[in-house]
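Engineer: give me coordinates for this.
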Amino acid sequence: MNKELDRYGLWEGINEVIVTTLSALGKPNAAPIGMIRRDGKLMVRVYKGSQTYTNIGDTGLLAANMVYDPVLFVRSALSDVAEEVFAFIKTDTGEDFPVITDCSAWMLLRAEHNNGSNVLVAELHPIIGNINHQTIRPINRAFNAVIEAVVLATRYKVFVNDKYLSQIKSYSSIISKCGGSTEKEAYDLIFKLI
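Structural biologist: A predicted model of the protein is given here:
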């Protein structure tokens, strides 16, 4: 499994991806999730109250989508994404499953999970995957700052604590200095959606 995870860019530590899930009624959902790879295992922690929590609990499936679009990270974290963002793949499970149309790669995973009172913890096992394109992307500090800011924005929405708002604002200079138009648009969108 380790070589397969490496091939899809899921390295040791926490990997930020957009997870797609499917509701029991067949409605797709997308949300950024940090996938944790440690000691040869791939895991996620998903908090109760989210559609992702419900969908994984209902179906036991999720797809990790490797995406480099900061606007899509913000939209999927703080609002619903448009239906046209999704493509449906044929699976051996008998169900078509949603993935992000413009992702670099996706991997469908089976989740062995225990529903806790407030958190679902799942060990993930690859089923199938596809690499759509491999793009050489150097580290962009502004992209990383947008990801950090949107993580804080999700906490701000849950806890409504101004310390998170202050921390989000602290990324402004990095995004302004290092970002392109997409990173700047994503950062501005955070404030519109919170």
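
Engineer: tell me if I'm right that residue 46 and residue 54 touch.
Structural biologist: No. Contact criterion Cβ atoms under 8 Å: residue 46 and residue 54 do not qualify, at 9.4 Å. In this view, the C-beta of every residue, glycine as well, is placed from N, C-alpha and C.

Engineer: quick one, which of the two is more surrounded?
Structural biologist: When residue 46 and residue 54 are compared for neighbours, residue 46 comes out ahead with 25 against 17, by other Cβ atoms under 10 Å.

Engineer: what's the one helix or strand residue 72 maps to packed up against?
Structural biologist: Using DSSP states H and E, residue 72 falls within helix 70-78. Packing partners of helix 70-78 (3 or more Cβ pairs under 8 Å, 6 or more residues apart in numbering; DSSP states H and E): strand 13-22, strand 28-38, helix 141-159, helix 181-193.

Engineer: compute the inter-axis angle for that helix and strand 13-22.
Structural biologist: Here helix 70-78 runs at an angle of 70 degrees relative to strand 13-22 (axes from the mean of the first three to the mean of the last three Cα atoms, to 10 degrees).

Engineer: other residues contacting helix 70-78?
Structural biologist: Contacts to helix 70-78, defined as Cβ atoms under 8 Å, 6 or more residues apart in numbering, come from residues 16, 18, 30-32, 67, 81, 85, 100, 143, 146-147, 150-151, 153-154, 157, 182-183, 185-187, 189-190, 193-194.

Engineer: what about burial for the residues you listed, which qualify?
Structural biologist: Buried subset of these (neighbour count, 16 or more other Cβ atoms under 10 Å): 16, 18, 30-32, 67, 81, 85, 100, 143, 146-147, 150-151, 153-154, 182-183, 186-187, 189-190, 194.
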